[in-house]
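Enquirer: Quick one, what's the 3D model for this:
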Amino acid sequence: MFTRSRRNLAYWFALSMGGILVLFAGVSYYLSVEGQLQAFDQALYKKSKAIASGATIRLHRGQWQIEPEEAPWLGSDRLSRSSDLVYVRWYNAKGYLVRFIGLPAPIRLTAVPEFQTIAIAGSQGGEPSSQWLRQITLPLLQNQQLVGYLQVAEPLTPLRESLDRVRLYLALGVPVTLGIIGITGWFLGGIAMQPTRRAYDQLQRFTADASHELRAPLAAVLSNAQVGLMSPEDSAQQHLRLEKIVETAKSMSALISNLLFLSRREGALALESLKPVDLVALLRSLIHDQTAQATTQGLTFTSQLPEQAVTLNADPDLLKQAVTNLLSNAFKYTPSGGNVQLRLSTTSRHAIIQVEDNGIGIPAADLPHIFERFYRVDTARSRQTGGFGLGLAIAQQIITAHRGRITATSTVEKGSTFQIELPLKG
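Expert: Numbering: from 1, shown residues only. Modelled structure (predicted):
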């Protein structure tokens with residue numbers, strides 16, 4: 001699925017960028033043709049004006065006559081080798097040929113006074129070929145009166161050679177660039193699909209783990225209910241089975257609540273939903289609630305809190321749940337007789353909450369994964385303690401929603417320290 005999606009992304013990227021490239025190449029070639037042709041026409045026009053200015057025009061027997069001047073770069077009957085012109089022709093006011101140099105000229109002028117591109121037949125290497133010329137026909141005026149025409153032609157060979165090079169560059173460059181665009185699209189498609197792939201893989205793992213976690217308690221409820229429906233037992237046994245069903249149902253309810261929390265609490269909390277919270281007062285109330293559990297498990301639970309208030313913008317219920325999850329985790333994995341400590345300190349910009357224990361610790365290989373959903377360092381031991389592997393994931397999501405950070409350090413058989421950093425109220 002992801003390979004097909006990546007291929008489609010690369011295809012559409014290459015198609016769109018390729019279309020833009022082809023359009024750009026076409027426009028560039030058109031502008032190049034227009035620009036070079038305009039420069040060519042301007043040069044030809046200047047040459048034609050120079051030839052026209054050298055002609056002598058005089059009135060003879062009531063008619064204007066044109067007497068072309070022998071320019072040093074024009075021969076008497078043909079153009080010199082140093083000239084780029086193919087022919088020069090003079091016509092009188094009625095359009096009849098007066099004189100020409102270069103290629104033979106028609107007796108009657110047929111072209112209109114403008115630039116024209118024409119082809120003349122010729123041969124090259126014994127094979128018939130055509131030569132393309134750029135021709136200009138200028139009207140000659142004397143005292144605002146038309147006295148004749150000057151027609152000059154120059155080969156388009158330099159211009160055509162230049163445009164051939166442009167076409168060659170485009171013919172080679174466009175396919176190569178399209179190939180590079182395709183490769184780039186495939187690479188960018190892979191990068192773009194990575195978050196989707198990770199989200200899809202995470203969703204698959206999340207669904208599989210959730211299904212697995214729900215299957216076990218459902219099986220327990222079903223088995224106890226089925227036994228209860230069999231032959232009557234004494235009331236004590238029946239009461240015990242009902243208690244197991246209730247306990248399992250509560251466990252399933254807690255799991256579902258945690259899953260719903262994780263699915264609904266994505267992203268940072270809106271600033272308007274936060275309110276000023278005294279972190280010292282919040283932790284003191286939490287210590288009062290958790291001391292009984294620590295005493296029941298034979299643990300020593302101590303705290304270090306500053307005397308002055310530490311104020312920040314937060315959701316107090318969510319923040320309390322995050323710290324409770326860390327304390328519950330410490331209580332679960334600290335043997336009887338161990339110590340758990342809750343500390344609060346501040347820096348210039350952050351409030352720092354630390355939960356430290358001297359329990360069993362976390363192996364270095366597992367430490368980077370402990371905040372992942374359903375992750376357990378020791379599956380058998382976690383099942384005995386009743387955990388689903390969601391407490392730390394929920395704590396991390398709450399702290400991240402408060403624009404904070406949660407980290408952990410641990411040494412096996414020596415204990416763990418979880419640290420929360422939260423921005424102080426500005």
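Enquirer: count of neighbours near residue 408?
Expert: By other Cβ atoms under 10 Å, the residues close to residue 408 number 18. In this view, the C-beta of every residue, glycine as well, is placed from N, C-alpha and C.
Enquirer: what's the answer for the one 5 residues further on, then?
Expert: Close neighbours of residue 413, defined as other Cβ under 10 Å, add up to 8.
Enquirer: how much space between residue 132 and residue 156?
Expert: Going from residue 132 to residue 156 by Cβ to Cβ, to the nearest Å gives 4 Å.
Enquirer: overlap in contacts of these two?
Expert: Applying Cβ atoms under 8 Å, 6 or more residues apart in numbering, one finds that residue 132 and residue 156 are jointly contacted by residue 117.
Enquirer: what pairs with the closest residue in space to residue 405 that isn't next to it in sequence across the strands?
Expert: With sequence-adjacent residues excluded and distances taken as Cβ to Cβ, 6 or more residues apart in numbering, residue 405 is closest to residue 421, at 4.7 Å. Under DSSP bridges, the beta-bridge partners of residue 421 are residue 352, residue 405.
Enquirer: For the stretch 1-150 of the chain, give me the ranges with low pLDDT.
Expert: 1, 54-83, 122-129 (pLDDT under 70).
Enquirer: who does the host helix or strand of residue 294 touch, helix- and strand-wise?
Expert: If you go by DSSP states H and E, residue 294 is part of helix 279-296. Where contact means 3 or more Cβ pairs under 8 Å, 6 or more residues apart in numbering; DSSP states H and E, helix 279-296 is packed against strand 300-304, strand 311-314, helix 316-332, strand 339-346, strand 350-357.
Enquirer: Save the ones you listed as TSV, and put in distance to residue 168, mean neighbour count and mean pLDDT too.
Expert: Conversion of the helices and strands packed on helix 279-296 to TSV gives the following (distance: least, Cβ to Cβ, whole Å; neighbours: other Cβ atoms under 10 Å; pLDDT from 0 to 100):
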stretch	distance to residue 168	mean neighbour count	mean pLDDT
strand 300-304	79	15	93
strand 311-314	66	20	90
helix 316-332	67	20	88
strand 339-346	71	18	94
strand 350-357	64	20	94
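Enquirer: among these, which is nearest residue 179?
Expert: Among these, the nearest to residue 179 by Cβ to Cβ is strand 350-357 (51.1 Å).
Enquirer: which residues are contacting that closest one?
Expert: In contact with strand 350-357 (Cβ under 8 Å, 6+ apart) are residues 279, 283, 310, 312, 323, 326-327, 330, 333-334, 338-346, 404, 415-424.
Enquirer: cool, stretch 419-426 as well?
Expert: Against stretch 419-426 from outside (Cβ under 8 Å, 6+ apart): 276, 279, 310-314, 319, 322-323, 326, 346, 349-354, 399, 402-409.
Enquirer: can you rerun that using 10 Å?
Expert: Contacts of stretch 419-426 from elsewhere in the structure, counted by Cβ atoms under 10 Å, 6 or more residues apart in numbering, are 274, 276-277, 279, 310-314, 319, 322-323, 326, 343-344, 346-356, 395-396, 398-399, 402-409.
Enquirer: For residue 308, give me its contacts.
Expert: With Cβ under 10 Å, 6+ apart, residue 308 has these contacts: 278, 280, 346.
Enquirer: Residue 185: which of those is nearest?
Expert: Among these, and counting by Cβ to Cβ, the member closest to residue 185 is residue 346, at 50.0 Å.
Enquirer: Dig out what the closest one forms beta bridges with.
Expert: Under the criterion DSSP bridges, residue 346 forms beta bridges with residue 351.
Enquirer: That one is in contact with residue 279, isn't it?
Expert: Yes - between residue 346 and residue 279 a contact is recorded at 9.0 Å, counting by Cβ atoms under 10 Å.
Enquirer: Residue 97: helix or strand, and which one exactly?
Expert: Going by DSSP H and E, residue 97 is in strand 97-102.
Enquirer: Parallel or antiparallel, list what pairs with whichever helix or strand comes after that strand.
Expert: Next in sequence after strand 97-102, counting helices and strands by DSSP H and E, comes strand 115-124. Sheet pairing for strand 115-124, assigned by DSSP bridges, gives strand 127-142 (antiparallel).
Enquirer: If we go by neighbour counts, what in the partner strand is buried?
Expert: By neighbour count on 16 or more other Cβ atoms under 10 Å, the buried set for strand 127-142 is 131, 133, 134, 135, 136, 137, 138, 140.
Enquirer: now do stretch 185-197
Expert: Those would be 185, 186, 189, 192, 193, for stretch 185-197 by 16+ other Cβ under 10 Å.
Enquirer: Report the contact partners of the second one.
Expert: Contact partners of residue 186, counting by Cβ under 10 Å, 6+ apart, are 6, 7, 9, 10, 11, 13, 14.
Enquirer: Let's have the residues you listed in TSV, adding secondary structure, neighbour count and distance to residue 106.
Expert: Shown next, in TSV, are the contacts of residue 186 (DSSP: H, G, I helix; E, B strand; the rest coil; neighbours: other Cβ atoms under 10 Å; distance: Cβ to Cβ, whole Å):
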residue	secondary structure	neighbour count	distance to residue 106
6	helix	21	67
7	helix	13	63
9	helix	17	63
10	helix	21	60
11	helix	14	58
13	helix	18	58
14	helix	21	54
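Enquirer: I appreciate the help and will end here.
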